[in-house]
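K.L.:
What shape does this take:
(2 chains)
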Amino acid sequence: MIIKIEKFGTNLISRPSGKEAFLAFKFELDQIAKNEEVLIDFEGVTVLTPSWADEFVTPIQEKFKNKVKLVNTENPSVKATLKTLEKAKEARD
Amino acid sequence: MKKLLSIGEAAKLIGVSIDTLRKWEEKGILLSFRPSKTSKRYYRPSDINQFLNEDNTSSNEKIIDLAESWAFSDSPTQLSKDYYCETSDIFSARLQHLSVKLTKDQKLADISPLIIAILGEIGNNSFNHNIGNWPDVRGIFFGYDFGKQQIVLADRGQGILNTLRKVQPDLNTDCEALEVAFTKYISARAPEDRDNGLKFVKDVIENNPIDLYFLSGNAELIQKGNTSKLKIEKKDQTFHGYLTIIKY
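P.N.:
Residues are numbered from 1 along each chain as shown, chains lettered A, B, ... in the order given. Coordinates of the predicted model:
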């Protein structure tokens, strides 16, 4: 399964909009088998924040764990956001 | 741009989702129109252009002075609608303007996504943490000055100390609260407790040529671009919200 983040917008900033995106995608997410690889593709994203990503990316990572791969993460805000999510995860674990 | 745009095309041009455009319509931020009662909604290219080119900057006005007098005064003064974002939707639309403008400047290509991201985190924190609990006026001040390369956000909310005390009741001072907010990752699992926006801001400043000045209560925090050190000091004056200046 490939999840193209760009289809939720290119400026992904607030927590409520991240939550909305996750709810809109939940049906498709529920169809994915637990052992299937999930590719989250950030191509085309202009701005990403930890608040948005925490509502969308974090629950997917929590469900599919090491089956989740993050690709096209070159945008500086994507890179910085993913680093923040990693640090937050370390603090929780 | 001559032909009418569908909501999907308009969303793509502005860089937001279709749901966001629907919300902006409800709030009167960006209006569409329907050629007939039963037809789909369309956007005029001229309206989209106007939306993307609106500007709230004026080199004659000192945005820092304006923000300070609004945030620090005992009773709130009237703010021009050019700077006042009463709701998160208005803030989101204005942030989108700024994003489009900064993206046009090739010299800022590496940092403009980060500037918008940190502004988004700080500004949205105001709305998320004060909802239903604004001490007097809800909403935030949001102003920018391209000439001076500075951006100011402020609110008249509860401040960092009162917000953080909900998850860490042993905090006593504004200085301690700023230190924790900018450095300590919260270990709670509930989404509302794991707000790491200000840690993100610190990490971004640490690795980029962006300076940060942040005031809340009687505490002042300064972090110079490309450095990790936070200089936190107690000031003589206090106020109940926060004010931040970002220079790039």
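
K.L.:
Can you mark which positions in stretch B:149-164 are buried?
P.N.:
Across stretch B:149-164, burial judged by 16 or more other CB atoms under 10 Å in any protein chain shown covers B:150-164. C-beta: built from backbone N, CA, C; applies to glycine.

K.L.:
Would you mind measuring the gap between the ends of that stretch?
P.N.:
Stretch B:149-164 has its terminal residues 31 Å apart, counting by CA to CA, to the nearest Å.

K.L.:
and that stretch with chain A, contact?
P.N.:
No - for stretch B:149-164, no contact with chain A is found by CB under 8 Å from any CB of the partner chain; the gap never falls below 13.6 Å.

K.L.:
Let me see the domain layout of chain B.
P.N.:
B:5-53, B:63-247 (automatic domain parsing).

K.L.:
just to revisit the earlier point, closest one of the buried residues of stretch B:149-164 to chain A?
P.N.:
Nearest to chain A out of the buried residues of stretch B:149-164 is B:L153 (CB to the nearest CB; 13.6 Å).

K.L.:
How about the contacts made by that closest one?
P.N.:
By CB atoms under 8 Å, 6 or more residues apart in numbering or on different chains, the contact set of B:L153 is B:A67, B:L119, B:I122, B:G123, B:S126, B:I140, B:F141, B:F142, B:L243, B:T244, B:I246.

K.L.:
So which of those reach chain A?
P.N.:
The subset of the contacts of B:L153 within reach of chain A, by CB under 8 Å from any CB, is empty.

K.L.:
Most neighbours of all those residues, which one?
P.N.:
Highest neighbour count within the contacts of B:L153, by other CB atoms under 10 Å in any protein chain shown: B:I140, with 32 neighbours.

K.L.:
who does that residue bridge with?
P.N.:
On the basis of DSSP bridges, B:I140 takes part in beta bridges with B:C85, B:D155.

K.L.:
Hmm, it is touching B:N124, no?
P.N.:
No - B:I140 is not in contact with B:N124 according to CB atoms under 8 Å; the separation is 9.4 Å.

K.L.:
Give the residues shared as contacts by these two.
P.N.:
Shared contacts of B:I140 and B:N124 (CB under 8 Å, 6+ apart): B:F91.

K.L.:
Check which residues of the worst-scoring helix or strand of chain B on mean pLDDT are buried.
P.N.:
When the helices and strands of chain B are scored by mean pLDDT, DSSP states H and E, helix B:45-53 comes last with a mean of 79. Within helix B:45-53, the residues that count as buried by 16+ other CB under 10 Å are B:D47, B:I48, B:F51.
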